[in-house]
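Visitor: model this:
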Amino acid sequence: MQDGISPASYIAPGVPRVRTLLVQLAARAAGGDAGDLDEAAYSAELLNLALGVHDAALGRQGGLRRRVARRLLGGAAHWLGGNHLTLRALEVAQHAPAPELVGEVLETLREISEGQILADELRRREPTLLDVKEYAEGHSGAVFAFCTRAGGRIAGAPRPVVSALGRYGRHMGVAWHAIEDLSAFWLGPEELLRELARATAAGRPVLPLIAAQAGDPELSALLDLALRRGDASRLSAVKDRVSAAGGLYAARKMALEETLAARRALRAVPPSPHRDGLDQIARSLLAGATRLSPERTSGG
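Guide: Numbering: from 1, shown residues only. Here you go, the predicted structure:
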């Protein structure tokens with residue numbers, strides 16, 4: 001890759017700089033130069049951080065996670081009310097060389113807000129696989145789409161290219177979500193218990209669990225018991241049943257479908273080494289999803 005950018009260095013789930021890399025590669029793939037990208041990259045990181053803080057605030061009323069999040073937000077209970085991270089993202093975007101970036105931030109906030117409404121609803125009913133995808137689109141999908149669209153905007157790319165980059169980012173965000181959920185089942189019982197407790201508090205539908213519960217009606221009760229008692233020893237049985245009921249396969253399938261859709265979206269972007277870099281990230285996620293096989297993730 002040119003400019004010293006190595007996509008392979010940023011593909012692991014949980015690496016924050018992947019968003020900066022997406023902004024950089026999208027801008028260069030859209031014909032822009034390497035400068036004037038700081039505001040877009042910083043806005044993306046602020047949006048992602050704000051999303052995580054607001055997810056914490058979705059814990060049940062009076063719960064520890066809600067109390068912690070309310071302290072962080074200075075008493076704010078809603079997505080925009082008092083959330084200085086989102087306001088800062090807007091302030092930063094105002095200084096970007098492309099005035100359209102403010103509109104992109106606002107559109108992303110709207111999508112994230114809709115995702116938070118869904119998350120709150122899912123704390124009161126059983127999610128479906130369609131809910132999982134919609135949730136992912138409004139979380140990592142919205143932030144990743146912002147990164148790639150922002151890069152295209154700053155490069156002054158025509159609307160079809162910006163739209164194609166946005167589709168690429170959204171599909172990549174959904175794939176990222178699926179792989180994060182899949183990777184959780186590689187954790188040890190104690191870590192997995194904490195991850196599932198956090199997901200339950202925030203209303204995040206965990207893809208392997210949602211898919212597996214359709215074929216194993218007793219799985220939900222077993223998981224609820226483990227969470228209520230904080231009993232990590234029961235998680236080995238949960239993992240085995242999730243694998244046997246096809247939950248891990250369903251997560252891999254969504255990751256594969258979304259990475260392939262992301263690669264198809266790039267066909268509308270002019271060929272270049274930087275478009276190849278975006279494609280390489282998608283192919284790396286595809287390989288990662290393939291390595292996370294049900295056989296390797298089953299059991300303790």
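Visitor: leaving out sequence neighbours, find the closest residue to M254.
Guide: A178 (4.4 Å; Cβ to Cβ, 6 or more residues apart in numbering). In short, each C-beta sits where N, CA and C put it, glycine included.
Visitor: for L248, see how far away that neighbour is.
Guide: 11 Å (Cβ to Cβ, to the nearest Å).
Visitor: neighbour count for the two, which is higher?
Guide: Neighbours were counted for A178 and for L248 using other Cβ atoms under 10 Å; A178 has more, 30 against 26.
Visitor: does the more buried one touch G288 like I think?
Guide: No: look at A178 against G288 with Cβ atoms under 8 Å: they stay out of range, at 10.5 Å.
Visitor: give the residues shared as contacts by those two.
Guide: Both A178 and G288 lack any common contact, where contact means Cβ atoms under 8 Å, 6 or more residues apart in numbering.
Visitor: Provide a list of residues in contact with the residue nearest to M254.
Guide: 136, 207, 251-252, 254-255, 258, 289 are the contacts of A178 under Cβ under 8 Å, 6+ apart.
Visitor: out of those residues, which are inside helices?
Guide: With helices taken from DSSP state H, the overlap with the contacts of A178 comprises 136, 207, 251-252, 254-255, 258, 289.
Visitor: can you give me how far the lengthiest helix in the chain is from the chain middle?
Guide: Among all segments of the chain classified by DSSP H, the helix with the greatest residue count is helix 159-184. Distance of helix 159-184 from its chain centroid, counting by Cα atoms, centre = their mean, to the nearest Å, is 8 Å.
Visitor: just for the stretch 201-300 of the chain, where's the confidence low?
Guide: Counting by pLDDT under 70, the stretch 201-300 of the chain contains low-confidence ranges at 201, 292-300.
Visitor: so which residues of it form strands?
Guide: Counting by DSSP state E, counting those that start in this stretch, one finds no strands in the stretch 201-300 of the chain.
Visitor: state the distance from E258 to D224.
Guide: Counting by Cβ to Cβ, the gap from E258 to D224 is 29 Å.
Visitor: of these two, who's got more company?
Guide: Between E258 and D224, counting by other Cβ under 10 Å, E258 is the more crowded of the two (28 against 11).
Visitor: ok, that one - contacts?
Guide: 171-172, 174-175, 178.
Visitor: spatially nearest residue to it (excluding sequence neighbours)?
Guide: A175 is the one closest to E258 (Cβ to Cβ, 6+ apart), at 3.8 Å.
Visitor: does the one you found touch L285 like I think?
Guide: Yes: the pair A175 and L285 passes the contact test of Cβ under 8 Å, sitting 5.3 Å apart.
Visitor: next up, phi/psi of A214, please.
Guide: phi -60, psi -30 (degrees, to the nearest 10).
Visitor: what residue is smack in the middle of the chain?
Guide: S140 (2.5 Å; Cα atoms, centre = their mean).
Visitor: excluding its backbone neighbours, what's nearest that residue?
Guide: G173 (3.8 Å).
Visitor: then E218?
Guide: R241 (7.9 Å).
Visitor: wouldn't that neighbour be in contact with L219 here?
Guide: Yes: assessed by Cβ under 8 Å, R241 is found in contact with L219 at 5.3 Å.
Visitor: overlap of the contact sets of the two?
Guide: With Cβ under 8 Å, 6+ apart, R241 and L219 have common neighbours A212.
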